[in-house]
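> Sequence and predicted structure are below.
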Amino acid sequence: MDKQILIDLVTKTMPYGKYKGRLLCDVPEHYLVWLKGKGFPEGKLGMWLHTLYEIRLNGLEHILHELRKNHSKLY
């Protein structure tokens with residue numbers, strides 16, 4: 001997996017909808033499940049959200065927690 005995708009998940013925000021302005025990694029799981037059923041959006045946003053869905057599905061959230069913690073120290 002491209003590390004940049006993981007960095008994007010902890011630095012990019014949701015551009016629209018109920019969770020607009022939230023970091024992608026903070027989008028609730030129930031919303032990701034709903035998107036999975038409806039279909040993820042096209043482009044990078046869809047790829048990010050699908051990746052986040054897979055991370056949560058496989059219990060790998062600790063990767064994002066560590067990356068978020070380390071990334072926040074850079075600023």
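Thanks, I have the structure now. Numbering: from 1, shown residues only.
> The protein: helices as residue ranges?
Using DSSP state H, the helices of the chain run over residues 3-11, 29-38, 43-57, 61-72.
> Leu23 is nearest to which of these?
helix 3-11 (6.4 Å; Cβ to Cβ). Yep, even glycine has a C-beta here, placed from its N, CA and C like the rest.
> Which other helices and strands does that closest one contact?
Where contact means 3 or more Cβ pairs under 8 Å, 6 or more residues apart in numbering; DSSP states H and E, helix 3-11 is packed against helix 43-57, helix 61-72.
> elements contacting the shortest one?
Under the contact criterion of 3+ Cβ pairs under 8 Å, 6+ apart, the helices and strands touching helix 61-72 comprise helix 3-11, helix 43-57.
> try the first one
Taking 3+ Cβ pairs under 8 Å, 6+ apart as contact, the helices and strands that helix 43-57 lies on are helix 3-11, helix 29-38, helix 61-72.
> Restrict that helix to CA atoms and write it as PDB.
These are the backbone C-alpha positions of helix 43-57, laid out as PDB (Å, rounded to 0.1, in the frame of the first residue of the first chain):
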ATOM      1  CA  GLY A  43     -11.800   9.500  -7.900                       C
ATOM      2  CA  LYS A  44      -9.400   9.900  -5.000                       C
ATOM      3  CA  LEU A  45     -12.100  10.500  -2.400                       C
ATOM      4  CA  GLY A  46     -13.700   7.100  -3.300                       C
ATOM      5  CA  MET A  47     -10.400   5.400  -3.100                       C
ATOM      6  CA  TRP A  48      -9.600   7.000   0.300                       C
ATOM      7  CA  LEU A  49     -13.000   6.100   1.700                       C
ATOM      8  CA  HIS A  50     -12.800   2.500   0.400                       C
ATOM      9  CA  THR A  51      -9.300   2.100   1.800                       C
ATOM     10  CA  LEU A  52     -10.600   3.400   5.200                       C
ATOM     11  CA  TYR A  53     -13.500   1.000   5.000                       C
ATOM     12  CA  GLU A  54     -11.000  -1.900   4.400                       C
ATOM     13  CA  ILE A  55      -8.800  -0.700   7.300                       C
ATOM     14  CA  ARG A  56     -11.700  -0.700   9.700                       C
ATOM     15  CA  LEU A  57     -13.000  -4.000   8.400                       C
END
